[in-house]
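Asks: Output the structure for:
(chains A, B and C)
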Amino acid sequence: MTNTDTSIQTKIYHTVSCVPKGTVSSYGQIADLAGLPGRARAVGYWLKRTPQNLVLPWHRVLRADGKIAFPPGSETFIEQRNRLIDEGVAVKYNRVELDKFGWKPDLSVLLHQLYY
DNA sequence: CGGCTGACCCTCG
DNA sequence: ACGAGGGCCAGCC
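Replies: Coordinates of the predicted model:
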C-alpha cells in the first residue's frame, strides 16, 4: 500500500489489519479510523468479498453493540465465534463485552491515519 | 440516472 | 434488552 492509494478498499483493509489479537472493533470504528466516517456498511461490503488468500483478522470486527453480525448458527457465525474464543475473547452466545475487549487504538495508530 | 441490496448505526418506545 | 424505523452509502444492475 502506498500513500497515493486512497481507495476505500485499501484503507479499510489496512485499518482492519491494525486490530490487535485478543481485542475487537466494530464496522463503524474501522470506518472512522480509516477516515471514512459514516461508511460502516462499506466496511461490511469489502470484508464480505475479502479473498481467502488475503490474511485479515476479519473475525475481530463486530457490530457497534458487540454482537456478531451473522445469523446465529450459520457457518460464518460459528467460525467467527471460534476464532475469537481461540484468542481469549469471551463470547456470550453472540455478543462480546466491549468494555473488556473493545480495541482502544494507541496514539501511533491514530497518527498513522493522518497520513492517508 | 433510478432502484435495489447489505458482515451498519442511531434513536426511541 | 429487544425490535422497529429511518438514515446511511458503495456497488451493482
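Asks: what residues does chain A put near DNA strand B?
Replies: A:26-29, A:40-45, A:47-48, A:50, A:58-59, A:61, A:63-64, A:69-70, A:76, A:80 (Cβ under 7 Å from any atom of the strand). No exception for glycine: its C-beta is placed from N, CA and C like everyone else's.
Asks: Quick one, which of these are buried?
Replies: Among the residues of chain A next to DNA strand B, those buried by neighbour count (16 or more other Cβ atoms under 10 Å) are A:26-29, A:40, A:42-44, A:47, A:58-59, A:61, A:63, A:69, A:80.
Asks: for chain A, longest helix please?
Replies: Using DSSP state H to define each element, chain A has its longest helix at helix A:75-86.
Asks: Now do the lowest-mean-pLDDT helix or strand in chain A: which elements does it pack against?
Replies: Here the helix or strand of chain A ranked lowest by mean pLDDT, DSSP states H and E is helix A:107-113, holding a mean of 81. Packed against helix A:107-113 by the contact rule (3 or more Cβ pairs under 8 Å, 6 or more residues apart in numbering; DSSP states H and E) you find helix A:27-33.
Asks: so how far is the very next helix or strand once past the helix it packs on off the chain centroid?
Replies: Per DSSP states H and E, the first helix or strand lying C-terminal to helix A:27-33 is helix A:40-48. Centre-to-centre, helix A:40-48 and its host chain are 10 Å apart (Cα atoms, centre = their mean, to the nearest Å).
Asks: Tell me the bridge partners for the one residue sitting closest to the centre of chain A.
Replies: With distances taken as Cα atoms, centre = their mean, chain A has A:Val61 as the residue nearest its mean C-alpha position (3.1 Å). Counting by DSSP bridges, A:Val61 forms beta bridges with A:Ser25.
Asks: what's the pLDDT at it?
Replies: What the model reports as pLDDT for A:Val61 is 98.
Asks: Might one say that it is in contact with A:Thr23?
Replies: No. A:Val61 is beyond contact range of A:Thr23, at 10.9 Å (criterion: Cβ atoms under 8 Å).
Asks: dump the residue contacts of the residue nearest to the centre of chain A.
Replies: A:Val16, A:Val19, A:Val24, A:Ser25, A:Ser26, A:Tyr27, A:Ile30, A:Val43, A:Leu47 (Cβ atoms under 8 Å, 6 or more residues apart in numbering).
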